[in-house]
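*Asks:* requesting a structural model of the entry that follows:
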Amino acid sequence: MPPPSQTKREKSFNVAETLAVAAAGGCTLGLLGVPAGWLSGATLAVAAAALAGRPMYMPLRLAQVIFVFIGISLGGVVTPATLQSIAAYPFSVVTLLVVMVATAAAAALYLERVHGWDRTSAFLGSAPGALSQVIATAAELGAELRGIAIVQSVRVVMLAIALPAGLVLLGQAGPAARLGGELNIGSLDQLALLVAVSAAVAVLVHAVHFPGGLLFGSMVASAALHGSGYIDAVMPWWAANIAMMALGAVTGSRFAGTTMKTLLRFALAAFGTLAVSVAISAAGALLLVALSPLRIADVMIAFAPGAADAMMLLALALSVDPVYVGAHHLTRIFFVAFLTPIVARSMHRRSPRRIDKKKLPPIAKPPFQD
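*Replies:* Just a heads-up that it's a prediction; the model follows:
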């Protein structure tokens, strides 16, 4: 996040630099055929540049446009046959909720007992998602704001980078796939209708403060149009790759304003929490796979406590069912966004942590879905 004193020209230069770094990283891994390389390469490059002190910055409005575009792309893979599989989700969703509670409790206990965090900060640092809500609540309650932001950001970035490579290495997901299709001049009217309807629904859903409304609203609208057979036009493959690199820029810029010294200060807490979260999520996913006909790659990405937008793009890139993944991440974000402030405030009332908020390091409320 650039300093408020910067001019519009300077901010525009920061955005241009961020997108250029994302394009360099995304194209490098994407053209090499790395699984989900367009996304993970951009994420890694922007995160590294931010930690090196470069002013990586993605404005809120641009991030919102990216979320709508990604939702449209995700909905484009839905078919009538895909929608029929939704009936098999309830048991899986219930399992996800149990795993979420276990993951948050274990990660919070780890932060509290091993790193000495107070209970409220430990709970917020362990929340599996809804980063904007978590950061806002942490700032309100005077919790360990910078530590929470770093722990949450490391989880999101590492999962976006490591999960696709890990699944492919284990033979549990397909190789790198090209998203989208060819641009058909004859279907431009359908494509225009798809964008207009999906964007309108996204804005309406966002206006009622639905968690992840821009992404999920556009995805549902696009899925309805494709699933009904009314529209068969899809986003061009090159546009889908641009969207992935732009999302990588949004994700990697989470580390803007974070120095290596600050990162190292919370590194053990961040990676320890990540290890606890991944271990419990993986155990829950493997148990579900053993009890159902679901594929392990589908379940692993659906249960991964990473950013919903990135996880659903990974599902597409790895030939995993994005509707299944999307349904689970929507459930996760909704419950975390709803319950986090309630539980955190209750904890704070029982054992308030008195902190002078003026001494807290500044951090912007991120415009992210997760």
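
*Asks:* next SSE after the lowest-mean-pLDDT helix or strand in the chain?
*Replies:* Within the chain, no helix or strand scores below helix 80-84, which has a mean of 58 by mean pLDDT, DSSP states H and E. Following the chain from helix 80-84 toward its C-terminal end, the next helix or strand by DSSP states H and E is helix 90-115.

*Asks:* and that next one, what does it pack against?
*Replies:* helix 119-126, helix 267-291, helix 296-303, helix 322-350 (3 or more Cβ pairs under 8 Å, 6 or more residues apart in numbering; DSSP states H and E). C-beta: built from backbone N, CA, C; applies to glycine.

*Asks:* neighbours of Phe334, how many?
*Replies:* Counted with other Cβ atoms under 10 Å, residues neighbouring Phe334 total 16.

*Asks:* tell me the contacts of the residue nearest to Ile231 when sequence neighbours are not counted?
*Replies:* Distances taken as Cβ to Cβ, 6 or more residues apart in numbering place Leu225 nearest to Ile231, at 4.3 Å, with adjacent residues excluded. Residues in contact with Leu225, defined by Cβ atoms under 8 Å, 6 or more residues apart in numbering, are Gly75, Leu193, Leu194, Val197, Ser198, Ile231.

*Asks:* from those residues, which has minimum pLDDT?
*Replies:* The member of the contacts of Leu225 with the lowest model confidence is Gly75, at 76 (criterion: pLDDT).

*Asks:* residue ranges with poor pLDDT in this structure?
*Replies:* Low-confidence regions of the chain, defined here as pLDDT under 70, cover residues 1-6, 35, 77-88, 130-133, 136, 172-186, 211, 309, 351-370.

*Asks:* what residues does stretch 283-290 touch?
*Replies:* 91-92, 95-96, 98-99, 102, 294-296, 299-300, 302-303.

*Asks:* now the phi/psi pair for the one residue sitting closest to the centre of the chain, please.
*Replies:* With the centre of the chain defined as its mean C-alpha position, the nearest residue by Cα atoms, centre = their mean is Ala307, 1.6 Å away. Backbone torsions for Ala307, taken as degrees, to the nearest 10, come to phi -60, psi 130.

*Asks:* same check on Pro236?
*Replies:* For Pro236, the backbone dihedrals (degrees, to the nearest 10) come out as phi -60, psi 150.

*Asks:* gap between it and Ala315?
*Replies:* Here the distance between Pro236 and Ala315 works out to 20 Å (Cβ to Cβ, to the nearest Å).

*Asks:* between these two, which one's more packed in?
*Replies:* Counted by other Cβ under 10 Å, Pro236 and Ala315 do not tie: Ala315 has more neighbours, with 26 against 16.

*Asks:* which elements pack onto the helix or strand hosting that one?
*Replies:* With elements delineated by DSSP H and E, Ala315 resides in helix 308-317, which encompasses its position. For helix 308-317, the packing partners by 3+ Cβ pairs under 8 Å, 6+ apart come out as helix 37-51, helix 60-75, helix 145-169, helix 213-227, helix 237-252, helix 296-303, helix 322-350.

*Asks:* I am finished for the moment; much appreciated.
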